[in-house]
Every structure is written in C-alpha cells, then in structure tokens.
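> What follows is a predicted structure for the sequence shown.
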Amino acid sequence: MSFISTAITVFALLLLFHAGYSAYEFSHYLKHLTVNSNATLPIDIITETIVATGLFALGQVLGADKLRPVSFAKWAKGLEREGKSPFSFLERRPGYMNVTKLREEYASTKK
Amino acid sequence: MTTIIDTLRNAHTTSSYLTLPAESLQSLYDTSYKFVTSGAAARSLHPEGLYNVFELHFFLSIITGKDSEASAILTTLTDRFGQDSHRVGVLRSIYLEATDGPVKALEFLSGRQDTELGTLKRKIVILKSSNQTSLYISELLKLVDNYPSDAESWAELASAYLEAGMYAQSIFALHEVLLLVPLAYNINALVGETSLLYASSLHAASSSHSVATEERLLEAVKFFLRSVELCEDYVRGWTGVLVATNRIAAIQKPFSDTSKYKRLYDVARKALTKIVETKDASESDLNAAQLVLKNY
C-alpha cells in the first residue's frame, strides 16, 4: 500500500468517525431539548458520511496490488515468460528423475 | 529475503533443477545452501514451505554431487517425518541410487509398501537406466493401468513411446494427459510436435503423399492452435503452426481443402514477427522464433 492510499484511507476513517460522533451528538441534543422531535439528521452529517465512504473506497482501490489478468490465456502468457508454468512438471516429470544421468551431466560440465 | 524464498519455492514447484544448465544449478545450490544452513529458512518459513525447501536442497545437493550435504538434509527429514513417510522413502531411494548404485536402491524399494505411487515410479526408473525400453514401457503400462489418473505417468509413457519411435502410441498417451489436465498448453504443443514427427515418418515410409500423412499434419495444426488459444503469444505454439502449415502448403495434390491453411500460415508469421519485434518472450523463445521465421 502506497503512502497516498494509506493517507486517504486514514483520513476517510477519521471523517467517518467524525460523522458518526456528530450523529450521536445530534440525537443527544434532540433528547435534551425535546423540541421538534421529528427533526431528521442534518444534511452536512449525511454528506460527510457519503464522502467518507467514497474516499475510503478510493483509498482501498489505489492501494490494491497490481491487477492480474482475468483471462486464462493472458495469465498463462505471464507465467510462461517468468518460467513459472504450472504445467512444466508434465515435461520435467520429477517423479521419474534419472538421478544418475543428472549427476553425470553435472560432473562432466564441471570438469 | 522474499526474492530468495520466491526463487526457491518456484524452483521446487516447477522442478526447474531437472533442466537447468550446470552454472545456474551451482548458483541455485549456493542460494539454498546459505538459506538452509544459516537457519534463515527455519525462521522465515512455515513448516510446509520449509520442508519443501529442504526437499529442494536435497535434490540440488545430490545432483551437484554434494553427497554428505544430501545425507545431512535427508537425516533431518527422516527425523521429522520418520522412515515410513512416502516422500522420505522416495528421497532415500534416490540417495541410494546415486551413491550405492541401482541394485541397493532396488533392494531398499522392495522393502517398501507396494501402494506408494512414488516408490513404484522409482522402481520403474531404475529399469530405464538399464536401457530395456520394451520392459520399461510394459512396466509403465502396468502402472497407468493401476493409477490411470496420474498425468505424470502418462506423460512419461508418451516420452518412452516417442523415444522408441512409436508415434501413434505416444500421441494416445498425450491425449490421456490432456484428459486429466485439459489446460496444459505445453502438452497440446507436444501433441502437435509428435504429430509432425509422425507425419514425417509416414511420408518417409510411403514415398508418395498419403491421406494418413495429411491427416497427421492437419491434426498437428489443430493442437498447435489449441496451445496458442490457451496461452497467448506462445512461441512454441506459433512456430508449430508455421511449420505445419508450411508443410501443408507444400503438398502437391491435397486430399482435403487446404486453402484456409495458407491464411493460417500468414497469421502465424504475423504473430511471430510481432513477438520478435516487440521482444515479448524469453530470450531462448525469441531465438527459436527468429530461426523458424528464417527457415519456413
């Protein structure tokens, strides 16, 4: 996760916490004053919550790992280039390794 | 540290130590030696990864001739998993085969359970080194009869048939591998390559062009195309398409309509040229692509 995405996420969480606390304060205030008990949450608290949620999502997306291909063919191409093909064992066949031959080959190239 | 772990883990899962040139093998051994003996392995890996790295270190030691090192790591693994462990048994037999010879290894293997697939494979491999091809193939056939879902054994059977020049049987065994591992693009390409060899041998046998030869060539194209469908820009697949369509185009009087193969030839040539121009492949693949583009 990069610095920017962490900063955005932390800021968004603070904002969300602040919005939540404000909502709590508001309900507290209604209880004490008992004026107009039908009052709804002020628009600024609602806006703050929405903005905080959006920012949080943005921070998470920015900090995501590099996207990997969804298509099998593209994914296989990447693995093939790095020599990490999941099917190479079918042609190398470790269960049938000929250890004597491998040792001889290695020893002969080392001399 | 993570790159070292990554390198070693990758070497273990792809068994790259079986095909690496001596120098890379040496450097990989040095890496694993440092990692295992310094205790860094035990500190930074979970048990499963740790013992996989130990197994890799055993293989690297035994191939590079460090027998005492191999013996030490084998003792560690035996202490942890016991004599009865299937994998430890396989490692022990490899160790015996390398140091005391195949007779001792066979003696050890005959004392193991007959239900262990790895043990059965080792017994068969020892036959292979004694150069008895027909016996080797019949033993492998017995094994795939008992364990028909083991793709590795089918692939080994295919390679044994190929070495014996029995192309039709080899292709059959590869089809069995594809039934078990349908997405294995390298095996699709291998079917194509074997079909090409089969076509050549048929052609050589019956001086003139025959239906059978043509069918093998068309089938080769089919499997090469499947491999590039499964793996984008797969050099081995595209070179195969190019070679096979080139040979189809050279047929004087084809039995079937081969016009679309001329177009496929152009497509393959374009794909390979693009790969070479953008250097969008590993170095050895690029060299192979250039060579095939020049000659076909």
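Cool, the structure landed. No experiment lies behind these values; they were computed from the predicted model shown.

> separation between residue B:248 and chain A?
From residue B:248 across to chain A, the span is 25 Å (CB to the nearest CB, to the nearest Å). Using the backbone N, CA and C atoms, a C-beta is placed for each residue, glycine as well.

> is any part of stretch B:126-133 close to chain A?
Yes - for stretch B:126-133 and chain A, the contact criterion (CB under 8 Å from any CB of the partner chain) is met by B:128-129.

> which residues are contacting that stretch?
Residues outside stretch B:126-133 that contact it (CB atoms under 8 Å, 6 or more residues apart in numbering or on different chains): A:96, A:98, A:100-101, B:97, B:102, B:105-106, B:109, B:135-136, B:139, B:160, B:163-164.

> gap between the two ends of that stretch?
12 Å (CA to CA, to the nearest Å).

> Flag every buried residue along that stretch.
B:126-128 (16 or more other CB atoms under 10 Å in any protein chain shown).

> Same check on stretch A:91-111?
Buried, per 16+ other CB under 10 Å, within stretch A:91-111: A:91-100, A:102-103, A:106.

> same check, this time on stretch B:279-291
In stretch B:279-291, the ones that count as buried by 16+ other CB under 10 Å are B:280-281, B:285-286, B:288-289.

> Also stretch B:17-31?
Neighbour-count burial for stretch B:17-31 flags B:17-18, B:20, B:25-26, B:28-29, B:31 (criterion: 16+ other CB under 10 Å).

> ok, so of the buried residues of stretch A:91-111, who is nearest residue B:183?
residue A:91 (14.6 Å; CB to CB).

> What's the local residue count around residue 54?
Defaulting to chain A. The number of residues packed near residue A:54 is 11, by other CB atoms under 10 Å in any protein chain shown.

> Wait, chain B was what I had in mind.
By other CB under 10 Å, 21 other residues sit near residue B:54.

> pretty sure it is touching residue B:78, no?
No - with contact defined as CB atoms under 8 Å, residue B:54 does not reach residue B:78; the gap is 11.0 Å.

> Walk me through the domains of the chain.
Picked chain A for this. For chain A, automatic domain parsing gives the domain ranges A:3-62, A:72-110.

> try chain B instead
B:131-182, B:186-296.

> could I get these as a markdown table with distance to residue A:13 and mean pLDDT?
Listed next are the domains of chain B as a markdown table, based on distance: least, CB to CB, whole Å; pLDDT from 0 to 100:
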| stretch | distance to residue A:13 | mean pLDDT |
| --- | --- | --- |
| domain B:131-182 | 46 | 95 |
| domain B:186-296 | 41 | 92 |
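
> right, and those domains - which one's nearest residue A:39?
domain B:186-296 (60.6 Å).

> so how far is that closest one from its chain's centroid?
How far domain B:186-296 lies from its chain's middle: 20 Å, per CA atoms, centre = their mean, to the nearest Å.

> That domain: end-to-end distance?
Per CA to CA, domain B:186-296 runs 22 Å from first to last residue.

> Pull the contacting residues for residue 90.
Let's take chain A. B:151-152, B:155, B:177, B:181, B:184, B:186-187.

> my bad, the chain I had in mind was chain B
A:95, B:116, B:118-119, B:121-122.

> Now, those that are in helices?
Assignment to helices by DSSP state H places the following of the contacts of residue B:90 there: B:118-119, B:121-122.

> Closest one to chain A out of the residues you listed, please.
For the ones in helices among the contacts of residue B:90, the closest approach to chain A (CB to the nearest CB) belongs to residue B:121, at 4.5 Å.

> so who does the closest residue to that closest one other than its chain neighbours touch?
With sequence-adjacent residues excluded and distances taken as CB to CB, 6 or more residues apart in numbering or on different chains, residue B:121 is closest to residue A:95, at 4.5 Å. Residue A:95 makes contacts with B:90, B:117-118, B:121, B:152-153, B:156, as judged by CB under 8 Å, 6+ apart.

> again, only this time at 10 Å
By CB atoms under 10 Å, 6 or more residues apart in numbering or on different chains, residue A:95 lies in contact with A:89, B:15, B:90, B:117-118, B:120-122, B:124-125, B:150, B:152-153, B:156.

> Same question for residue B:223.
Applying CB under 10 Å, 6+ apart to residue B:223 gives the contacts B:171, B:174-175, B:178, B:185, B:187-196, B:237, B:240-241, B:244.

> Can you show me the helices along chain A?
Counting by DSSP H, the helices of chain A are A:3-33, A:43-62, A:72-82, A:89-92, A:99-110.

> quick one on the thing from earlier: out of the buried residues of stretch B:126-133, who's nearest residue A:67?
Residue A:67 lies nearest to residue B:128 out of these, by CB to CB, at 45.3 Å.

> Can you report phi and psi for the closest one?
When read as degrees, to the nearest 10, the backbone of residue B:128 gives phi -60, psi -40.
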